[in-house]
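In: The following block contains a protein sequence and its predicted model.
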Amino acid sequence: MSVIETRLAELGATLPDAPAPAANYVPFVQTGNLVHVSGQISAGADGMIKGKLGDDLDAEAGAAAAKACAVSLLAQLKVACGGDIDRLVRVVKLVGFVNSTPDFVDQPKVINGASDFMVAALGDKGRHARSAVSAASLPFGVAVEIEGIFEIA
């Protein structure tokens, strides 16, 4: 087991099989030493995490959904690294979309679920630039979608 996967296990997380694209796009693109991972929707072992922040979900539930997106991002990254996720040099940037009502203003607290998880799992390699924005709707009614840029060796 890799160093990163050992740390994930210590945190109670395991990488699932990387989700397949749901439309006409690829799950990631590598250019040079950067891997751009397509948006990963909030989903866990029980299926998609759906809902609208500020309506039927609070920021804490949204943060858990964002953490699920982070796990999927790392699963895609592992595939991009040919199975050796320890090739990760650092998380460069995350862009988070939060399915929220017009008056919901805690998008950063929601995306902290992914950011905090990346730092807990990866240490300084997990520190990244970030955007956290509201969306009127997301695919399949999911609560959160996050895309990421990663540097690999």
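Out: The structure has been received and is ready for your questions. Nothing here was measured: the structure is a model prediction, and the numbers come from that model. Numbering: from 1, shown residues only.
In: Can you name the next helix or strand after the helix or strand of the chain with the lowest mean pLDDT?
Out: Sorting the helices and strands of the chain by mean pLDDT, DSSP states H and E puts strand 43-44 at the bottom, at a mean of 92. Heading C-terminal from strand 43-44, the first helix or strand you meet, by DSSP states H and E, is strand 47-48.
In: and that next one, which strands flank it?
Out: strand 43-44 (antiparallel) (DSSP bridges).
In: I'd like the distance from the strand it pairs with to the chain centre, please.
Out: 11 Å (C-alpha atoms, centre = their mean, to the nearest Å).
In: Same question for stretch 32-43.
Out: 8 Å.
In: If you count neighbours, what's buried in it?
Out: Val35, His36, Val37, Ser38, Gly39, Gln40, Ile41, Ser42, Ala43 (16 or more other C-beta atoms under 10 Å). Every residue, glycine included, has its C-beta placed from N, CA and C.
In: So which of the residues you listed are in strands?
Out: Per DSSP state E, strands hold the following members of these: Val35, His36, Val37, Ser38, Gly39, Gln40, Ile41, Ala43.
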